[in-house]
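Novice: Just a sequence and a predicted model for now, questions to come.
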Amino acid sequence: MKKYIVKRILLIFPTIIGITLITYLMVRLAPGDYTSLKAGMEGELKAGSVGREILEEERKLYGLDKPILTGYADWLFKFVKLDFGTSRKDGRPVAERIKDALPVTLTLNIITILIVYIISIPLGIYSAVKKDSLFDRGSSLALFILYSLPSFWIGLLLLLYFSGGENLNIFPLGGLMSEWETEPGFFAKILDIAWHLVLPVITLTYGSFAFLARYSRANLLEVINQQYITTARAKGLSEMKVIFVHAFRNSLIPLITLMASLLPGLLGGSVIVERIFSIPGIGLLAFEAILSRDIPVIMAIGSISAILTLIGILLSDLTYAIADPRIRLESKI
Amino acid sequence: MRRSFWIHVWRDFKRNRLAFAGFIIVAFLFSVAILAPLIANSRPYIYAGNGKVYFPIFFNYDELKDADLRLDKYDGFKVFPPVRYTYSEYDLDYIVSGPSSKHLLGTDEQGRDLAARMLYGTRISILVGFIAVFIYVTIGIIIGSIAGFYGGIIDLIISRFIEIIMCFPTFFLILTVLALIGPSLVNVMVVIGLTGWTGIARIVRGEFLKLREYDFVVASRASGAKDSRIIIRHILPNALAPVFVSATFGIASTILIESSLSFLGFGVQPPTPSWGDILSQSREFMDFAWWLTLIPGLAIFLTITSYNLVGEGLQDALDPKSVKKRN
């Protein structure tokens, strides 16, 4: 077990090297990139919005004047020290901008994952217990339809029908919090942020229900067919006890792993949702950086979100190994 | 794979009513995409005037070169397509106007007929869906079969590489690359194709790892077959079923990605009509021009649902253990 954990943790380093290398190569080798990057910069120079020192600094940051490998090594060295350069757009350090945006997106995604789990797992269990009932079929069709609804469309429709205009004016049009004249109390602020997050969270969650509910249903059904469940029934336990004490706990294990696979999708999805609802998170930062070709920001977000996903996968694999006695004991031998 | 196998699969597939409905819609969308110029066109199929019969939609006539046959001054026998506009035509009297007898689904902010744009948009979604998925299925099969067949250090390296790529949020990756190389129809297809292969590669690798131990593979190896022959003739055909299922779901998600990209302005460039782009343009008139928001959204939703239903049905039909099949 210890060996497995150590091995997994050590393997993370070559993967991080790979992630950063790909990010670096993508920007460095993109056809026409360096020249168009330069052309863009020179245009901006003429307009006087960007100082020559920033251009020089950026050249140094990417080692564009050096061979690929040394250039990469230099960039990586700065990356490890969390020096991502300065944003071309407003001249602020990229690290600072990411520090502001990351908590917003993480909060949004953690709330989303929690809601998805809280709703889908009971749905899946109930469908498995009442297999082939009207409820089972109806809910699976409903979730299937939700899964196929494009989130940017639903986001627009929610804005249209619930945020002013001709229709209901219940939720704010976007942003993370209201403009205050005086600093509000702690709870008032939390409540206000929650109010702003209702529509974005709905947009992010509804599509993931189907996947998880179906998965937990299939898992439970598989466990129910195991012999130890037959044994539990044979010794006269109530159905409730069989399902919740014997079956449910064992069907939970694979669901842990899913948390990690949801993460990259949600981070990608944040781009759309944060853009529609103007939420100042990583997604919007990324989108604006892409629009203005703010390379330092793009590179930092690309590698940071990949590394976050990597850590998510690692954590869920480790929990899986700890939770499942078959894996735990097998690797002990 | 044997022919009879696919006959069985088709029979099982047809039994699944929802999947079959999805298949019908997909077939319908295909016909619409192919026939778009015949459904939405500013020229009539037949025009009989000046004592002559013309087929303006099919042939070009010098004397009718700049003539707008929809005008009343060209009297005579005319048979028009259901939509009398092309996708790039500006009708300045009807800017952001709702569905009417003239413009069946209304018009957009430049007076372009929404019905015509929707019809032509079908082409983009199908083109991107199929070509991008074809690219990534091909890459996935090649990389996956090499990893699974040879195993060992080759497999280790490829698997590591796949893990690295999978860490990147795909949508962000696609957006970034498109921003660097510039958005266009071809680039969208290529970039989705180049980033999407990891799932297929993993499936193929898994199948190969399993199948290469089977007796028929060992037998063909013993009889001296070359690696390439064993891979292509013996293992690959048996590994394809899950690839088909995954590819069908892949088309659905590629269409979603394409429309999301167009929605953000990184997809197909105007004036080529794309559903996502229409939806994005609708934002400015959202509070009154409901048709501009509702119709493209519904079209995207219906298309994605259909491909997903077909994928589901295919999955059940191809799975010998499927419960639904036994009932």
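Specialist: Looks like it arrived, so ask away.
Novice: Could you list the buried residues of whichever strand or helix holds residue A:18?
Specialist: Secondary structure from DSSP states H and E places residue A:18 in helix A:2-29. Residues of helix A:2-29 classed as buried: A:4, A:15-16, A:18-24, A:26-28 (neighbour count, 16 or more other Cβ atoms under 10 Å in any protein chain shown). (C-beta placed from N, C-alpha, C; glycine too.)
Novice: how many neighbours does residue 71 have?
Specialist: Here I'm looking at chain A. 19 (other Cβ atoms under 10 Å in any protein chain shown).
Novice: Not quite, go with chain B.
Specialist: Neighbours around residue B:71, by other Cβ under 10 Å: 8.
Novice: In three-state terms, label it for me.
Specialist: Three-state call for residue B:71 (DSSP: H, G, I helix; E, B strand; the rest coil): coil.
Novice: Residue B:279 too?
Specialist: Going by three-state DSSP: residue B:279 is helix.
Novice: burial of the nearest residue to it once chain neighbours are set aside, as a residue count?
Specialist: Leaving aside its chain neighbours, residue B:279 sits nearest to residue B:296 (4.5 Å; criterion: Cβ to Cβ, 6 or more residues apart in numbering or on different chains). Neighbourhood size, residue B:296 [other Cβ under 10 Å]: 30.
Novice: Also residue A:148?
Specialist: Around residue A:148 there are 21 other residues, counting by other Cβ under 10 Å.
Novice: what do you get for residue B:197?
Specialist: Residue B:197 sits with 24 neighbouring residues when counted by other Cβ under 10 Å.
Novice: so how far is residue A:302 from it?
Specialist: 19 Å (Cβ to Cβ, to the nearest Å).
Novice: And residue B:218, by the same measure?
Specialist: On the measure of Cβ to Cβ, residue B:218 and residue A:302 end up 45 Å apart.
Novice: what does residue B:300 give?
Specialist: For residue B:300, the distance to residue A:302 equals 27 Å [Cβ to Cβ].
Novice: So these two - more neighbours on which side?
Specialist: Taking other Cβ under 10 Å, residue B:300 and residue A:302 do not tie; residue B:300 has more neighbours (27 against 24).
Novice: Pull out the buried residues from the host helix or strand of the more buried one.
Specialist: Using DSSP H and E, residue B:300 sits in helix B:290-318. The neighbour-count check on helix B:290-318 (16+ other Cβ under 10 Å) flags B:290-297, B:299-301, B:303-318 as buried.
Novice: Low-confidence ranges, chain A, go.
Specialist: Filtered on pLDDT under 70, chain A yields the residue ranges A:30-65, A:164-169, A:179-181, A:260-266, A:326-333.
Novice: Quick one: the strands in it, in order.
Specialist: With strands called from DSSP state E, chain A shows none.
Novice: what pLDDT, on average, does the helix or strand harbouring residue B:243 get?
Specialist: Using DSSP H and E, residue B:243 falls within helix B:236-263. Helix B:236-263 carries an average pLDDT of 90.
Novice: what angle separates it from helix B:290-318?
Specialist: 170 degrees (axes from the mean of the first three to the mean of the last three Cα atoms, to 10 degrees).
Novice: domains of chain B?
Specialist: Following automatic domain parsing, one gets these domains for chain B: B:3-38+B:121-326, B:42-79.
Novice: Which of those domains has the highest mean neighbour count?
Specialist: domain B:3-38+B:121-326 (a mean of 19; mean count of other Cβ atoms under 10 Å in any protein chain shown).
Novice: chain center to it, what's the gap?
Specialist: Its chain's C-alpha centre lies 9 Å from the corresponding centre of domain B:3-38+B:121-326 when counted by Cα atoms, centre = their mean, to the nearest Å.
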